[in-house]
Structures are given as structure tokens and as C-alpha cells.
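Chemist: I'd like to go over a predicted model; first the sequence, then the structure.
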Amino acid sequence: MAASAEYVKHIESYVDSSSSATQQAASVDAIAALLKNDMLTVEALVKEMEMYLTTTDSIIRARGILLLGELLTKLASKLLDNATIHSLIGFFTERLADWRALRGALVGCLALMRRKSNVGSVTDSEARAVAQSLLENLQAQSLGQHDRKLCFELVECLLDDYPDAVVAMGDYLVYGVCESIDGEKDPQCLRLTFHIVEDLALLFPDPSGPLASFAEGLFEILGCYFPIHFTHPKGEDVDVKREELSRALMLAFAATPLFEPFAIPLLLEKLSSSLPSAKVESLKYLSYCAVKYGSDRMAKHVEALWSSLKDATLISAQASLPLESESLDGMGFQENEIVTEALRLLEKLIQQSNGLFLSFVLGDEDIKSAIITITSFNGYDDIPLQSKQRLHAIGCILSVSSKASIGSCNSVFESFFPHLMEALGLSVQNSSWNGHPDEPHVFTANLNFGSLYLSVEILAACRYLVVGSDELNSLPVSSHETWCSMLHSFCSSLTEVFCSTFLTSMNARTQKAYIQCGVKGLQILATFPESFSPVPKSIFENILLQLMSIILSDFNRTLLWKLALKSLGEIGSFINKYHESEKALIFEVTVIEKTASMISCEDSMMPFSLKMEVATCIGMTGLPFMLRIVEVMDKAISANLSEVYAHGNLKSAEFTIQLLECYCNKLFPWFDNAGGFEEVPLHFTVNLWNQIENSNSCSSGFQDKKLLGAIMAAMKYAVGCCMEESQTIIVQKAFRVLTSSSCFQLESLLGVTGDLLEGLRLTHDLDCVSCRDEWIISLFASVVIALCPETDIPHAKVILQLFLTTLLKGHVPSAHALGSLVNKLPLKINGTDISKDCSLEESMDLIFNSSLWGSCDNGSLRSCLGDGSEMDLSRLRLSSVNTRVHAIIGLAWMGKGLLMRGHEKVKDIIMTFLSCIMSHGNILTFPWKHDPLENSKEQEVLPLMKYAADAFQILMSDSEACLNRGFHATIRPLYKQRFFNTMMPILLSAIVRSNSSISRRKGFCYAFLFGALHTEA
């Protein structure tokens, strides 16, 4: 046990009013540690503190009681015996009457009452005594904010954790709570009081119980806070947001049906407020409370609710301005939160009232009159703006009413659908409701827009009712429902009406409104489930034919074309999502095959870019459809490449580029997200290699650099999408094509190992490489760039030597491939891993010791290795400046590969660049035998300095061409920061000490800036 002197000093420090808050907190922690570690018992502590707890000095007594309360808070999980708990809770209960020591008493009571039963807790009788003392002795609103908060937390704890102990207090408890919360203004305290009201409602659910007699008074207190509005005090952090407090108040409003007679009239009154925020809050509260109060209690308010909702919807909708949009909603209007919340409430009231509320909606004379007025206008241009806004609002009301329930949908159809059909020129007498489609009709150009718009809105609601949304399950609907029979009888004529909107000759604004309604209507009719659909298969097929006709023939009408394509995409996605097998067959024949023919057709007037847009949009609706599209596009690529290779056809080259871009931008990402379909990129790459393998080396098509770039980009993307097994197939195929080229003479080197490889020539003269061979090496480099580190590269040393050779001739893809190789090769080869023939160490030895870094006048390769620790660019002195520039570029990409994997050899490459920038005076001491630029002419030195400085941009910048995550690069975390920390001090020193040349100083500054700007924080 701890000596009393050890903790008494902490007690004295805490009760000393001159101690700082930090010192007091330290004292509490120190004593709590002794108690937790059983070096001090609670009994001994209380005994030692007795004089502080009972002294007549109110300041010391308050400090002593607060210390004991805070210590008990720290001991929430420590086991205490029942006697100790009983003694302590009795003491703190009595202290609730001691207003000078009230805070400590509240803290102590809370600490004890929040304890769990497994560590010793307060009994129900003790909790009842606490409640009794609390109600008798405290006037909460006379206390400061912190003490009020503690008081409300204690009441909340009693109601949440000890309901059986306080329920017998009945009226006394309710009255005490009402008195304590009346007039509260602090946000934190209000959040507690609103929850306390919820707890009271749960404690006394009986409609004739204690809460009933206080319901009006209690709600009068709550009602004063609606709508919630407060601002955060300046300089003070408040952890309560307005939205959080508003929701807490809403839960309190809905806590008991006893509040209904007072809450609904208040909310309806606030709904007429001129403040939009008050309207929105009122509607949200009404939506929530209506469900909680129940249909019986809400019945008496139905008429008043409908009147308020109608005004809110119609007036607020008229305040919205029409938008110019290309959506499928016919007429776009700005988002209006009031209308949104009003419609949400409308749907709940219709669903709740079993037809009572809907009867007010359908029988409303204003709605009927508005529909008659709007449908009396023949065309869109004839409708005034205010009437268009009212039309939008009524469309929303009818839509929500229709999708509320099957019964409400039937009622809306019976009330309005015949009138709308008649206004569209579809006679009710000529249609049979026995399920047989009516006869075809001929429509005038001046189609009744109001009826068209409302019909589409109602149809959309019906479809929603059947299919549901992503969040809601669809309802079981019988095809014998009234609305189904009516729709079935009119669907043929409706399809004609919707199609006729595409043929009207109007101004652009008017035509846009009709087209949007027409396309949306067709899409709705086509996306009813086939197991239920009121739309026959023949009409479904006709809809697809109409939309495909637009795609194939009306591509000059941009809006119509885009909406038709989007609609076809939605229909295809619906078929795929809901496994509509019969519709899928029709869709495949009518849409997919026509799309396939369109891609293959060379005589089509449609721009090729639009063909690609159609192919991707239609293909992405489902995997079976996409696989068919890919099959056709693969054939198109083969056919066009054959034309390019055989005849140098420029038009075919252009088409091929667009096909390849479509693969990279759309198809490959789609398959990548779908997962498990790497046979598509595998087949794609093998097909490309087959094409070039069978091509004629004399073709002029190989001179098209843009086409080569597109093929390389597609090749890299496709290989990057594949796993190791598929990549192995690709790289072996590519290597066979590479070795078949007589230019590179690789076949003679495949059996050569070790030092012999260094002495052999890969080619007599790389300047004579054909365009086809350049394509082969470029595409092979593209494959290497995108390989996974685990994928084996056949004869890697030979490939490395080939890339080094072509690099010095200015072949940038070879530089990218070398950087990828040194980034991904294994550090060492395991003796059991016979599949690997080259490690990083071996590759670095080959690169750093390569005779290619030195050349003689006759161009032959010779050994000039030095000590093997660095590349000696001075050996390139007899070569052209371009050769040395190419060497610097290649070293930059190899350095980037090493840097990203965190290999220390990158330092030697960086020193090479710095030596190219440094002055003749050797400002910095580098491990070079001599200045590599010594005796060079100024016009030769400056380009090398520039490219050496540019190399730092390659090292530090992210690259889309290679060495990124998409191409499986090995990336060490924070590699840029490590580089910056290691190399930037050297660069800074060089800048400071460089005084011989402005150009060299600029070079150092340039390198430093690239390092600094591309280093992430």
C-alpha cells in the first residue's frame, strides 16, 4: 500500500484553488493510478479525505467532493464492493442538496450510476433516491451551462438505465422534467433535453398515463424551438450542428402520438411561412411524424394537409425556372427542396391513408381544372411559361400518386388516363380494354404536349411501381390490374405517338421538348419486365427498330441521336440486369447485330467516331453484348491493318487508330472492372503480332508514326491487363516475331552466354533497319514495359543488349523498356528458379560494362570497361553529340527504374548527369578519372548539359508511357522523398559553388527545381 504522504500531497494540490488546471489533472491521474493498481483503497482514500468532504469551508468542500467524483469516473471499470457503492452513492445523493458542492455531487452520481453490473453498480432503490433528491433540490435553469448539462445527463441516465426505478414516480417525474427543461437555450443542453423527452415517451406510453396530462405543456416547451436556428458563438467550439439538433427535435416531436393534436397544427402553420427553410423543415417533420402518429390520428388533418401540400408544390414549382438540358425528363426544372420534401410527404400520406388522402388529390378541382387548361393548348409553344411550370408540378403530383401503391396507380389511371389519351387523339371508344391492341392512327404534327408530358410521367411511375429502384424492392403486380389493362390497350398507339415526336418540323426549342418526351416514353414501354409486361414483344421489337433507325440514319440530329443511343443503352442494361431472356434475343438481333454490321460497313455515311461511340455504349450494357462487339471490332482491326500493311491505306490507318483508342479508353477499362476476362486483351495482342508477322516489310504503311503510337499504347494497355500466364504467351509470341527479323540477327546469339555475348555484333548497321523492323522492336518494347515482375522474359540478356544498341540510335521505346527491365528484374536468381536467366545484378553489370558506351571511328564495338563502377560517357567522345544525348536519355529512364525500386545503383547514374553539368574546374568531387566533357566544344557541351538537367524531370515525374502502377512497376514507398533528401543537398552545394558558367548554374538550378517540384509532401 502507498504511504499516506504519497497521495495526500496530490489531494492538497487539487483542493488548493491556486493550483492550475494542469496540476489538478495531474493530481487526479496520480491518485487514480494508485487506486487502479491497488496501492490505495477507496475506503482509505475517503477516510483520508474526510475533512475535505465535510469541512464548513465551502470552497475546499466543493473541491474535495469534485475530486472524489472525478476519481470515481476514472475507476469506471474497477471492481468495487456493494458496501462501498452504497456508501458512496448515499453520500453524493445527500450532497445534491449542497448547492455549493453541486458539481462534485453530480459528477459523483453520474460516475456511480454509469457503472456496469459486473464491476459493482447502483441498485434501483438507490437510483430512485437519487432521482428524488435531484427533483427536490435542483432548479436546473438557475444553474450555469456546465452544471445544467451534468444535471440533464443525470436525468438521461436515470431514464435510460434505471426506468424501473423511476417509473413509479409518475406525474412528479414528468413535472420535474418539464420544469427543468423549460427555457433551455444552450445547444448541447438542448440535445440532451430533446432526448429526455423521447425517454419520457418510452417510459409512459399509455395514452392515459402520466405523460398525457402534461403532453400539451411539454409540447408547448418543445414547439418554441421549431424551426431550429442558432449560430455558433464566436471563439467557442460547439460540437452540435444545426442539422443534428433539428433531427433531435424531430425525434422528440414524434416521440408519442399524444403530441399529434399540437404538433400537426404547428407544422402546418409554419408551412405557410415565407422562409423557405421553415417550409422545408415543416415538410420533413410532417413526413416523419405522420408515420409515427399513425393513419387514425392523421385522418382528421387530411384536408388541411392536402391544401398545404398543393400550395407548396404548385407555388414552389412556379418559382422554379426552366433549364436547358439534354435529360430524358421532357422539361427540366431546377432542383427545389420544398417540392422534393412535399412530394415525399405526399407519397407517405397516400400510402398510409388507404385511399382517403388520394381521394382529395384526385377530386381536387384545381388539379382537374389545371389539367383541362393545359391540355387545351395544342402545341408546346402555345403553353405560357407559368402553365409549363404548373404542368411540371402536376406531373410530379400524378407521378408520386401513381407509384405510391398499386391501388393508387389504378385510381390515377382511371381518373386521368382516358382524358389524356383522348387529348392525344386516341379515342377511348376505339380502344378495347380486353387486352387487344387498338388500330393504328395517323397523328397531326401539332401534338398535344401537355397530354404527352403527363402520360410519360404516369407511365414512368407505373414502371417504377413494377421494377422498383436500386433502393426499393419492386411490388408484386398482377397483369390484370386496371392500369395494366388500360396501358395494354393503348400501348400500340402510344408507341406511334412517341415515334411521331421525331418527325415533327418545329423550331429547335420546341422539337427538343417533344423529342425528350418521345424517347423517354419509348424507353419506359421497352423496360417493363417480360414476365409481366403490358407491352407485347412485337411492340418492344418495333421500339428497338425505331431507335436503331435513328442511330443509323439521323446522326446529324445530335440531340435525338444522343438520346436514342442513351435509351438503347438503358434498355440493354435493363435486359442484362433482370435477365430478360426473350427480350435479350430480340435485342441481340435488332440492336447488337445491326451495330456489328454498322462497324463492318465501309460504305456507311456515319462518321467512324460515332460508330465507336455506338459500339461502346451498346456493348457496355452486358457481357454477352460486349463480347460480340469485341469480336466485330477485332475483325475490323485485322481488316484495316491488312490494308495498311498491304497497300499503305491512309483511311484504314485512321480507322485503326480510332479503333485502338476505343479499346484503350473504353473497352479494356470496362473488362478490367468486370474482372476475369483477360482472354480479350490476350487475343487482342496475339492478333496484333500475327498481323505484323504476316506483313510485307516493303509496305509504306509502316511509315505512319501516329498509327505506331496507337498500336504501342493499345499493346501496353492490353498486356498490363493480363496476368502472368497470359503475359508469358504474349512475350513468347512477340519474341518469335522478333527473332524472325533478319535485321537483328538474334538467332545466332540465343545460345551465347556470359562474356561471349558482349563481343558479338547484333547487327552490321542499325541505320539500315527497315520501318517494319522498327515497328517490331517498338512493339516488343511495349510488351516488356507492361509485364509483371513475375513474368519470365526469354533470353533477357540478349534483349537487354538489343535495347542498349537501339537506344543509342535514338529509339525512345527501348529506353522505356530498359527502365522497366531494371525496375522489375529480380535482385538475384534463386538456384532452383530455372525460368529466370538474368537478375538485376547481372543486367547492371552488362549495362555498366557494355562496350556500347565506347565506339571507334569504324563503328565496331570494343571493350572499354574501366573499373566497372560507372558509365564513362567520355568513351562516346568520338561519336556524335546525338549519340551521347541518346545515352543520357536512356540512362535517365534506367535511373528512374532503379530509383522507383530503391536501388542504390541509381546514385552512379545521377553522378553521370551531374558530371555533365559541372564546370571544367571540378567544383564537386565526383568519382571520375577525368572530366567527361573535357576538350569538348562549347556547341557540343551545351546540349549535353541541357539533357542532363532534363534527366531529373524524367527521374521525378510520373510517366504514362512506362513505369507506373498500370504497367506493374515496382514502387518503393516514398522513393521521391528519399531521393530528395539524399541528392538535393549535393545539388544545392553545386549551385552555391558554381561560378564559372551561367549555363552550368542554370543546369544545376533546373535539376534542383525538378527534384523539388515533383516531390510529394
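Modeler: Cool, got the structure.

Chemist: Asp382: neighbour count?
Modeler: 14 (other CB atoms under 10 Å). To be clear about C-beta, it is placed using only N, CA and C from the backbone, and glycine gets the same treatment.

Chemist: Quick check: the gap between it and Gly450.
Modeler: Distance, Asp382 to Gly450, by CB to CB, to the nearest Å: 10 Å.

Chemist: Could you do Ile383 as well?
Modeler: Per CB to CB, Ile383 is found 7 Å from Gly450.

Chemist: Which residue ranges of the stretch 201-350 of the chain form strands?
Modeler: Using DSSP state E, counting those that start in this stretch, the strands found in the stretch 201-350 of the chain span residues 322-323, 332-333.

Chemist: Compare these and say which comes out lowest on pLDDT.
Modeler: Mean pLDDT across these is lowest at strand 322-323; the value there is a mean of 42.

Chemist: tell me which element the residue lying closest to Val731 once chain neighbours are set aside falls in.
Modeler: Residue nearest to Val731 in three dimensions, not counting chain neighbours: Val783, with 5.6 Å by CB to CB, 6 or more residues apart in numbering. Element membership for Val783 (DSSP states H and E) is helix 771-786.

Chemist: Check which helix or strand Asp634 maps to.
Modeler: In the assignment (DSSP H and E), Asp634 maps to helix 623-647.

Chemist: Can you list the buried residues in that helix?
Modeler: Counting neighbours by 16 or more other CB atoms under 10 Å, one finds that the buried residues in helix 623-647 are 625-626, 628-630, 632-634, 636-637, 640-645.

Chemist: Which strands or helices does it pack on?
Modeler: Secondary-structure packing of helix 623-647 (3 or more CB pairs under 8 Å, 6 or more residues apart in numbering; DSSP states H and E): helix 558-577, helix 593-600, helix 608-619, helix 650-662, helix 668-674, helix 679-693.

Chemist: got the angle for that helix vs helix 593-600?
Modeler: When axes from the mean of the first three to the mean of the last three CA atoms, to 10 degrees is applied, the directions of helix 623-647 and helix 593-600 differ by 20 degrees.

Chemist: what inclination does helix 623-647 have with respect to helix 771-786?
Modeler: Using the same axes, to 10 degrees, the direction of helix 623-647 lies 150 degrees away from that of helix 771-786.

Chemist: mind listing what's buried in stretch 67-82?
Modeler: 67-75, 80.

Chemist: do the same with stretch 263-282
Modeler: Under 16+ other CB under 10 Å, the buried positions of stretch 263-282 are 263-264, 266-268, 270-271, 278-282.

Chemist: Quick one: mark the members of the residues you listed that sit in helices.
Modeler: Those of the buried residues of stretch 263-282 mapping onto helices are 263-264, 266-268, 270-271, 278-282, per DSSP state H.

Chemist: which helices and strands sit right next to the strand or helix carrying Glu725?
Modeler: Under the criterion of DSSP H and E, Glu725 resides in helix 724-739. Applying 3+ CB pairs under 8 Å, 6+ apart, we find helix 724-739 packed against helix 679-693, helix 771-786.

Chemist: Include mean neighbour count and distance to Ala101 when you put those helices into JSON lines, please.
Modeler: JSON lines is the format used below for the helices and strands packed on helix 724-739 (neighbours: other CB atoms under 10 Å; distance: least, CB to CB, whole Å):
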{"stretch": "helix 679-693", "mean neighbour count": "19", "distance to Ala101": "77"}
{"stretch": "helix 771-786", "mean neighbour count": "24", "distance to Ala101": "75"}
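
Chemist: ok so, going back, closest to Pro210 out of the buried residues of stretch 263-282?
Modeler: Using CB to CB, Ala263 comes nearest to Pro210 of those, at 19.5 Å.

Chemist: Could you double-check that the closest one sits in contact with Ala290?
Modeler: No - with contact defined as CB atoms under 8 Å, Ala263 does not reach Ala290; the gap is 10.1 Å.

Chemist: if we can go back for a sec, now whichever helix or strand comes after the helix holding Val783 against helix 771-786, angle please.
Modeler: Following helix 771-786 in sequence order, the next helix or strand is helix 796-807 (DSSP H and E). Taking the same axes, to 10 degrees, helix 796-807 and helix 771-786 form an angle of 120 degrees between their directions.

Chemist: From Leu623, how far off is the residue nearest the centre of the chain?
Modeler: Centroid-nearest residue in the chain: Asn673, 14.3 Å away (criterion: CA atoms, centre = their mean). From Asn673 across to Leu623, the span is 12 Å (CB to CB).

Chemist: Stretch 300-319 - what's its average pLDDT?
Modeler: Here the average pLDDT along stretch 300-319 is 86.

Chemist: and if you look at stretch 241-248?
Modeler: Stretch 241-248 shows a mean pLDDT of 93.

Chemist: and what of stretch 159-169?
Modeler: Rounded mean pLDDT across stretch 159-169 is 95.

Chemist: domain parsing for this structure?
Modeler: As assigned by automatic domain parsing, the chain contains the domains 1-122, 622-711, 723-914+946-970.

Chemist: any idea how far the second one is from the chain center?
Modeler: Averaging C-alpha positions (CA atoms, centre = their mean, to the nearest Å) puts domain 622-711 31 Å from its chain's average.

Chemist: ditto for stretch 182-192
Modeler: With CA atoms, centre = their mean as the basis, stretch 182-192 stands 38 Å off its chain's centre.

Chemist: residues in contact with that stretch?
Modeler: 140-141, 145, 148-149, 152-153, 156, 193, 221, 225, 230, 238-240, 244-245, 248-249 (CB atoms under 8 Å, 6 or more residues apart in numbering).
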